[in-house]
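**Student:** give the three-dimensional model of this entry:
(one chain, ligands or ions: 1)
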Amino acid sequence: PTMAHSKAHLVLENFIGGKFLPCSSYIDSYNPSTGDVYCSVPDSGKEEVEAAVKAAKDAFPVWSSKSPLERSQILNKLADLIEHDLEAFAQAESKDQGKTIMFARTVDIPRAVYNFRFFASSILHHTTECTEMATMGCVHYTSRAPVGVAGLISPWNLPLYLLTWKIAPAIACGNTVVAKPSEMTSVTAWMMCKLLDKAGVPHGVVNMVFGTGTKAGEALVCHPDVPLISFTGSTLTAQRIMEKSAPHCKRLSLELGGKNPAIVFDDANLTQCIPTTLRSSFANQGEICLCTSRIFVQRGIYSEFLKRFVAEAKKWKVGNPSDPTVDMGALISKEHLEKVRSYVKKAQAEGARVLCGEGVDSLALPTGYEKGYFMLPTVIAEVKDESCCMQEEIFGPVTCVVAFDTEEEVIKRANSVKYGLAATVWSSNVGRVHRVAQRLQSGLVWTNCWLVRDLNLPFGGMKASGIGREGAKDSYEFFTEVKTITIKH
Ligand code: NAD
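**Tutor:** As a prediction, this is how the structure comes out:
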């Protein structure tokens with residue numbers, strides 16, 4: 001028997017109106033690092049979504065009329081409770097998702113805690129606008145009110161992190177929510193539900209409906225009493241959500257995929273650039289929407305960069321995610337692993353060179369993990385810009401390195417994909433990074449760093465990477481309805 005079988009099988013329940021409720025059918029959830037089924041996730045549909053929306057609607061009048069300070073105190077309490085159980089949440093996230101315990105402990109769960117603290121604070125500091133029209137004897141001002149029941153749909157790569165990035169602003173603004181986490185990673189959301197009562201979140205304010213996208217997700221998207229949907233996931237799913245919600249003219253926030261470039265000029269500080277670009281390519285198994293997957297290196301330093309980058313990538317340790325010395329855990333599913341691998345094969349077939357990783361180096365896995373969905377960090381060179389590896393989101397530990405000559409050329413090539421989420425620029429010339437950042441079609445541009453976030457500022461993508469932004473002010477605007485009021489003396 002494998003490790004997973006020896007542990008108790010976990011059965012999740014929906015959380016509706018403050019109660020844990022069983023479901024009539026369940027979906028198997030796998031432990032990606034062993035390949036074993038270890039958890040049953042409710043396979044909710046219309047009926048469960050209906051009950052959850054009703055509970056959220058019933059809870060709205062009381063919750064929405066609480067003062068921002070009252071809501072803020074409850075959010076802070078919830079943050080404290082999650083933080084108190086940080087280790088248990090981190091272990092659960094690592095087991096459910098395949099990510100390393102170190103990543104869950106230092107990134108996922110602390111950020112989930114911070115999401116609540118951040119919006120608990122920011123909700124206290126918003127002001128609305130006012131203008132005067134003296135000649136008409138009028139003042140105009142805006143007022144903002146919560147919208148109602150918010151539908152929140154999140155992906156599997158950063159489960160609790162991304163879910164709380166939606167729940168926190170939604171409820172801070174006075175909305176009530178029905179959330180549907182990814183069916184592949186529902187455990188930490190269910191664990192959080194157990195803390196809501198203790199934090200003082202009234203019944204019905206946060207409802208969790210577990211299940212697949214096509215069944216539970218679509219039921220939420222199509223529900224007439226859910227006027228806004230905040231979605232993070234793939235571009236393909238977003239298109240479907242736009243279609244399905246069109247008859248109801250819903251308000252949508254869509255955070256989607258990326259094909260993010262890193263641009264390394266020949267005056268870059270490679271001592272900083274190389275370790276950061278390794279992280280930006282392979283952190284969380286490359287399963288972050290902000291991960292770099294196209295590295296453009298200026299011709300003069302191309303060979304040196306490639307040599308050093310590949311040497312460092314080969315040092316990454318892949319295996320048991322609960323080993324704190326491991327750098328990369330397992331990919332989310334067998335199907336996803338196969339998909340990621342297929343991109344490497346396609347690149348080889350097109351004549352690109354795989355310099356390390358998949359198909360080139362061998363991966364030795366510790367006992368008990370041989371059936372896990374692991375692959376090595378993979379670096380591919382000499383890939384054509386038109387290749388699917390340079391155009392499509394792979395969402396795994398695969399990164400392509402190509403050479404460029406001029407600034408003009410690299411901007412054009414970096415922009416020549418359908419996505420526009422995040423870019424990194426490496427150069428010690430301030431004028432150049434400023435110029436290039438201005439011209440990149442990307443919602444976020446990091447220069448000489450990666451993934452440094454100030455939650456106050458807008459987050460989101462352009463082109464096929466999304467519609468709308470999230471952040472202190474942006475989330476406040478999305479989760480509230482604004483009204484302009486005119487008063488004449
Ligand atoms: P996905 O689109 O398959 O699923 C995301 C969520 O939507 C899941 O909860 C899923 O069950 C649900 N869903 C699927 N079909 C649905 C439908 N028809 N109606 C309603 N809901 C539906 O994405 P994924 O594979 O879980 O996540 C990976 C993707 O998410 C990648 O493309 C990645 O780039 C993107 N992502 C974007 C951001 C960002 O902030 N821009 C962050 C993380 C991940």
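**Student:** all helices of the stretch 51-200 of the chain, in order?
**Tutor:** For the stretch 51-200 of the chain, applying DSSP state H, counting those that start in this stretch gives helices covering 68-84, 86-97, 101-103, 109-122, 159-172, 187-199.
**Student:** tell me the angle of the longest one relative to helix 159-172?
**Tutor:** On the basis of axes from the mean of the first three to the mean of the last three CA atoms, to 10 degrees, helix 68-84 is oriented at 160 degrees to helix 159-172.
**Student:** now for helix 68-84, which elements pack on it?
**Tutor:** When contacts are defined as 3 or more CB pairs under 8 Å, 6 or more residues apart in numbering; DSSP states H and E, helix 68-84 sits against helix 109-122, helix 159-172, helix 187-199. From N, CA and C alone the C-beta is placed, and that goes for glycine too.
**Student:** now the shortest one: average pLDDT?
**Tutor:** This means helix 187-199. For helix 187-199, mean pLDDT rounds to 98.
**Student:** count the residues that sit near the nearest residue to residue 182 once chain neighbours are set aside.
**Tutor:** Among residues not flanking residue 182 along the chain, residue 156 sits closest, at 3.8 Å (CB to CB, 6 or more residues apart in numbering). Neighbour count of residue 156, defined by other CB atoms under 10 Å: 21.
**Student:** can you list the residues of the stretch 301-450 of the chain near the ligand?
**Tutor:** Selection of the stretch 301-450 of the chain residues close to the ligand by CB under 6 Å from any ligand atom yields 393, 395, 421.
**Student:** next, format those as JSON lines and append secondary structure and pLDDT.
**Tutor:** JSON lines is the format used below for those (DSSP: H, G, I helix; E, B strand; the rest coil; pLDDT from 0 to 100):
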{"residue": "393", "secondary structure": "coil", "pLDDT": "98"}
{"residue": "395", "secondary structure": "coil", "pLDDT": "98"}
{"residue": "421", "secondary structure": "coil", "pLDDT": "98"}
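**Student:** from the helices of the stretch 51-200 of the chain, which stretch is densest packed?
**Tutor:** Greatest average neighbour count among the helices of the stretch 51-200 of the chain goes to helix 159-172 (a mean of 27), per mean count of other CB atoms under 10 Å.
**Student:** tell me where the stretch 201-350 of the chain has helices.
**Tutor:** Ranges of helices in the stretch 201-350 of the chain, per DSSP H, counting those that start in this stretch, are 218-222, 235-245, 270-282, 302-313, 334-349.
**Student:** report the buried residues of the fourth one.
**Tutor:** Pointing back at helix 302-313 there. By 16 or more other CB atoms under 10 Å, the buried positions in helix 302-313 come out as 302, 305, 306, 308, 309, 310, 312, 313.
**Student:** give me the contact list for it.
**Tutor:** With contact meaning CB atoms under 8 Å, 6 or more residues apart in numbering, helix 302-313 is reached by 264, 270, 273-275, 277-278, 281-282, 295, 297, 355-357, 377, 379, 381, 401, 403.
**Student:** would you map out the domains in this protein?
**Tutor:** If you go by the TED database, the domain ranges for the chain are 10-257+465-488, 260-447.
**Student:** can I get the ones you listed in a markdown table with distance to residue 457?
**Tutor:** Listed next are the domains of the chain as a markdown table, based on distance: least, CB to CB, whole Å:
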| stretch | distance to residue 457 |
| --- | --- |
| domain 10-257+465-488 | 5 |
| domain 260-447 | 9 |
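**Student:** for these, which one sits closest to residue 454?
**Tutor:** Taking CB to CB, domain 10-257+465-488 is the member of these nearest to residue 454, at 8.4 Å.
**Student:** hang on, the earlier thing: what is the nearest of the residues of the stretch 301-450 of the chain next to the ligand to residue 333?
**Tutor:** residue 395 (11.5 Å).
**Student:** residue contacts, the closest one?
**Tutor:** Going by CB under 8 Å, 6+ apart, residue 395 touches 157, 257, 286, 287, 291, 336, 340.
**Student:** strands of the stretch 301-450 of the chain, residue ranges please.
**Tutor:** Using DSSP state E, counting those that start in this stretch, the strands found in the stretch 301-450 of the chain span residues 353-356, 378-381, 398-404, 419-420, 422-426, 444-447.
**Student:** residues of stretch 216-236 that come out buried?
**Tutor:** Residues of stretch 216-236 classed as buried: 216-223, 226-235 (neighbour count, 16+ other CB under 10 Å).
**Student:** what's the end-to-end length of that stretch?
**Tutor:** 17 Å (CA to CA, to the nearest Å).
**Student:** what mean pLDDT does it get?
**Tutor:** For stretch 216-236, the mean pLDDT works out to 98.
**Student:** gap between the two ends of stretch 364-374?
**Tutor:** Counting by CA to CA, you get 10 Å between the two ends of stretch 364-374.
**Student:** to residue 250, which of the helices of the stretch 51-200 of the chain lies closest?
**Tutor:** Smallest distance to residue 250 across those (CB to CB): 14.4 Å, for helix 159-172.
**Student:** helices and strands around the closest one, which ones?
**Tutor:** Here helix 159-172 touches helix 68-84, helix 86-97, helix 109-122, strand 149-153, strand 176-180, helix 187-199, strand 228-232, helix 472-478, going by 3+ CB pairs under 8 Å, 6+ apart.
**Student:** try 7 Å
**Tutor:** Helices and strands touching helix 159-172, by 3 or more CB pairs under 7 Å, 6 or more residues apart in numbering; DSSP states H and E, are helix 68-84, helix 86-97, helix 109-122, strand 149-153, strand 176-180, helix 187-199.
**Student:** so for that helix, what's the average pLDDT?
**Tutor:** For helix 159-172, the mean per-residue pLDDT is 98.
**Student:** quick one, that helix and helix 86-97 angle?
**Tutor:** 120 degrees.
**Student:** which residues touch helix 159-172?
**Tutor:** By CB atoms under 7 Å, 6 or more residues apart in numbering, the surrounding residues in contact with helix 159-172 are 71-72, 75, 89, 93, 97, 108-109, 111-112, 115-116, 119-120, 123, 150, 152, 154-155, 177, 179, 181-182, 185, 188-189, 192, 205-206, 230, 232, 470, 475-476, 479.
**Student:** which among the helices and strands packed on helix 159-172 is found nearest to the ligand?
**Tutor:** The ligand lies closest, by CB to the nearest ligand atom, to one member of the helices and strands packed on helix 159-172: strand 149-153, at 4.6 Å.
**Student:** tally of neighbours for residue 253?
**Tutor:** Residue 253: 22 neighbours (other CB under 10 Å).
**Student:** what bridges to it?
**Tutor:** Listed beta-bridge partners, residue 253: residue 230 (assigned using DSSP bridges).
**Student:** and the buried residues of helix 302-313 as JSON lines, adding distance to residue 349 and pLDDT?
**Tutor:** Below are the buried residues of helix 302-313 laid out as JSON lines (distance: CB to CB, whole Å; pLDDT from 0 to 100):
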{"residue": "302", "distance to residue 349": "24", "pLDDT": "98"}
{"residue": "305", "distance to residue 349": "25", "pLDDT": "98"}
{"residue": "306", "distance to residue 349": "21", "pLDDT": "98"}
{"residue": "308", "distance to residue 349": "28", "pLDDT": "98"}
{"residue": "309", "distance to residue 349": "23", "pLDDT": "98"}
{"residue": "310", "distance to residue 349": "21", "pLDDT": "98"}
{"residue": "312", "distance to residue 349": "27", "pLDDT": "98"}
{"residue": "313", "distance to residue 349": "22", "pLDDT": "98"}
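**Student:** out of those residues, which one sits closest to the ligand?
**Tutor:** The shortest gap between the ligand and any of the buried residues of helix 302-313 belongs to residue 313, at 21.5 Å (CB to the nearest ligand atom).
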